[in-house]
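K.L.:
Give the three-dimensional model of this entry:
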Amino acid sequence: MHGTREPIDDARAEAYSMRLEDIDVSRPELFRSNTMWPYFERLRREAPVHYCPSSRVGPYWSVTKYKDIMHVETNHATFSSDIHLGGIGIQNTKPDYRRESFIAMDEPRHSQQRKTVAPMFAPQNLDQLANTIRVRAREILDHLPRNETFDWVDRVSVELTTQMLATLFDFPWEERRKLTRWSNVATAAPGNREIIASEAARDAELKECGAYFAELWKQRIKQPPKTDLISMMAHSSATRDMDPDNFLGNLILLIVGGNDTTRNSLSGSVYALNLFPGEYEKLRRNHSLVQNLVPEVIRWQTPLAHMRRTALADTQIAGKEIKQGEKVVMWYVSGNRDEDMFDNADDLVIERRNARNHIAFGFGIHRCLGLRLAELQLRIVWEEILQRFDMISVVDQPKWIYSNFVKGYEKLPVRIPG
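P.N.:
Here you go, the predicted structure:
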């Protein structure tokens, strides 16, 4: 399963031999090959706040240490998320494609719109969703083949999260895979022609998404308020008068947030436990370790590699001078492997004491709204897996996503012994 280690060895040699100023960790091919690790390791050691003067996404600052990422996250008055200044992704959003969502807004509008959908993720609602998640997880797992190679990403991770999204939106069940497609289209890296032919094609498909949801909106606004996300937005004073781009922006945020984090952490958990079989054996012997496996695997996987901010004024991070208007990228994927915060940070350690201190969901006012739902889904699925299967074996290397934003899996071939 492990295959050759040559790609990572080559990456390590390059990462430590090139000039610091030439390191560009935004290259999606590093994530597709899973060879970004030594570059981040060197930056944490030698240039934790690092300026890349030239790249396909323009000049940018990389913030790679945990404490420095926390500094940026907790200073939202200095570091802006506003879509009109560039938003939350390392790739500048072109004016024609700017769609506001509450994650790409600053205060006070950010909190006004965020509060509209927050009740969906309140503890009492999650308690109600837990039974639905368990029933569906059992259904999916009970229909998996034995002694046959299949793709875990499609059969389990995508299917479970897409079913959950359809429930949150009260979306037509038989068309739920549209949600998966729209999530993939929204997050595909420029140049990833396996998913989108061009930026214009992406825009056209997302407009189809907006038109589909606009019809659902018209239905919900005529009905009494319900507990699905569309109804919540349609009946809230903060969101009912959104322009079409703001509406679509919030939809895409909720679709991607509900899809990519859980989907890639669920695939990552199977992959990680195969890489660290001693930890898998501990879990098999003591099922209660699922409680700590969940935050640890989210830390280890880090399903979104980065978030970006724009400096609103001249400032400093760890002694480095940041100019107003410059792009600052918080690399969660690096902060969660920071050796000063996590011992043996590259390893999956299911009894790690501080696993919950990970920053995979961000921190501060923009912390992921659905993080408890993501954790709930992972916990329930693994409780059900452990009751059914002694082992889920990864039989070949995964195919990683071509993206510096979504850090995850396109395919993960596995086999369940009969």
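
K.L.:
how about the strands of the stretch 301-418 of the chain, start to end?
P.N.:
Secondary structure of the stretch 301-418 of the chain (DSSP state E, counting those that start in this stretch): strands located at 306-311, 315-317, 320-322, 327-331, 393-394, 399-400, 409-411, 413-415.

K.L.:
ugh, typo on my part, it should be the stretch 101-250 of the chain
P.N.:
Along the stretch 101-250 of the chain, counting by DSSP E, counting those that start in this stretch, strands occupy 150-151.

K.L.:
in it, which spans are helices?
P.N.:
Taking DSSP state H, counting those that start in this stretch as the test, the helices found in the stretch 101-250 of the chain are 109-117, 123-142, 152, 159-169, 177-187, 199-222, 229-234, 244-275.

K.L.:
and residue 196, what pLDDT?
P.N.:
According to the model's per-residue confidence, residue 196 sits at a pLDDT of 88.

K.L.:
I'd assumed residue 203 was in contact with it.
P.N.:
No: here residue 196 lies out of contact with residue 203, judged by C-beta atoms under 8 Å, at a distance of 9.4 Å. Heads up, the C-betas are built off the backbone N, CA and C, glycines and all.

K.L.:
Flag the helix or strand of this protein with the lowest per-element mean pLDDT.
P.N.:
For the chain, the helix or strand with the lowest mean confidence is helix 109-117, at a mean of 75 (criterion: mean pLDDT, DSSP states H and E).

K.L.:
what packs against it?
P.N.:
Contacting helix 109-117 under the criterion 3 or more C-beta pairs under 8 Å, 6 or more residues apart in numbering; DSSP states H and E are the following elements: helix 229-234, helix 244-275.

K.L.:
thinking again about what came up before, do you know which of the strands of the stretch 301-418 of the chain lies nearest residue 152?
P.N.:
With C-beta to C-beta as the measure, strand 413-415 is the member of these nearest residue 152 (4.6 Å).

K.L.:
what about this protein, any weak spots by pLDDT?
P.N.:
Within the chain, the set of residues satisfying pLDDT under 70 comprises 1-5, 93-102, 120.

K.L.:
Farthest from the middle of this structure: give me that residue.
P.N.:
Most distant from the centre of the chain: residue 222, at 33.9 Å, with distances by C-alpha atoms, centre = their mean.

K.L.:
Please report how far it lies from residue 322.
P.N.:
Distance from residue 222 to residue 322, counting by C-beta to C-beta, to the nearest Å: 49 Å.

K.L.:
on that earlier part again, save the strands of the stretch 301-418 of the chain as a markdown table, and put in distance to residue 191 and mean neighbour count too.
P.N.:
Rendered in a markdown table, the data for the strands of the stretch 301-418 of the chain read as follows (distance: least, C-beta to C-beta, whole Å; neighbours: other C-beta atoms under 10 Å):
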| stretch | distance to residue 191 | mean neighbour count |
| --- | --- | --- |
| strand 306-311 | 18 | 23 |
| strand 315-317 | 30 | 17 |
| strand 320-322 | 28 | 16 |
| strand 327-331 | 19 | 24 |
| strand 393-394 | 28 | 17 |
| strand 399-400 | 16 | 17 |
| strand 409-411 | 16 | 19 |
| strand 413-415 | 26 | 20 |
